[in-house]
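Novice: Let's see this in three dimensions:
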Amino acid sequence: MTAPISNVFLALQANDETRPIVEAILADNAHAQVDEQPGMVRVFAPGTMSLNRHTVEELIGRKFDLQEIHINIISLSGHVDEGDDTLTLTWNN
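Specialist: Prediction:
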């Protein structure tokens with residue numbers, strides 16, 4: 001019997017800086033969903049989800065360092081794999 005896949009998530013402050021980040025996550029992860037709450041937006045997906053630097057750069061029209069996201073992170077769930085170009089959350093059962 002296969003165990004159910006757990007959701008990974010990234011909870012961010014809801015502000016002008018995070019809107020393109022959320023948009024980029026949704027663009028690159030068709031299975032991702034958004035839960036908007038006052039002051040916070042949570043993006044979640046079953047199993048895995050990635051944030052790609054180049055997608056954010058296309059949306060904001062400038063260079064983007066993935067380290068910029070850390071100031072707006074409220075919480076996250078999953079195993080983090082972070083490089084210069086991609087931040088990936090995975091959940092391995």
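
Novice: what about the strands in the chain?
Specialist: Counting by DSSP state E, the chain has strands at residues 7-13, 33-37, 40-46, 48-52, 73-77, 79-82, 86-90.

Novice: what about the ones you listed, which gets the closest to residue 66?
Specialist: Checking these against residue 66 by CB to CB gives strand 86-90 as the closest, at 5.5 Å. All C-beta spots, glycine's among them, are computed from the backbone N, C-alpha and C.

Novice: Now do that closest one: everything it contacts.
Specialist: The contact list for strand 86-90 (CB atoms under 8 Å, 6 or more residues apart in numbering) reads 8-10, 47-53, 66, 69, 76-82.

Novice: ok, now stretch 30-46?
Specialist: 5-14, 18, 22, 25-26, 29, 49, 74.

Novice: again with stretch 70-78
Specialist: Contacts with stretch 70-78, where a contact means CB under 8 Å, 6+ apart, come from 7-13, 15, 17-18, 21, 40, 48-49, 89-91.

Novice: Restricted to buried residues, select those in PyMOL.
Specialist: Command for PyMOL that selects the buried part of these, burial taken from 16 or more other CB atoms under 10 Å:
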select buried, resi 7+8+9+10+11+12+18+21+48+49+89+91
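
Novice: How much space separates the nearest residue to residue 82 once chain neighbours are set aside from residue 92?
Specialist: The shortest distance from residue 82 to any residue other than its chain neighbours is 6.7 Å, reached at residue 66 (CB to CB, 6 or more residues apart in numbering). For residue 66, the distance to residue 92 equals 22 Å [CB to CB, to the nearest Å].

Novice: Residue 80 too?
Specialist: From residue 80 over to residue 92 the distance is 13 Å, taken as CB to CB.

Novice: neighbour count winner among those two?
Specialist: residue 80 (12 against 9; other CB atoms under 10 Å).
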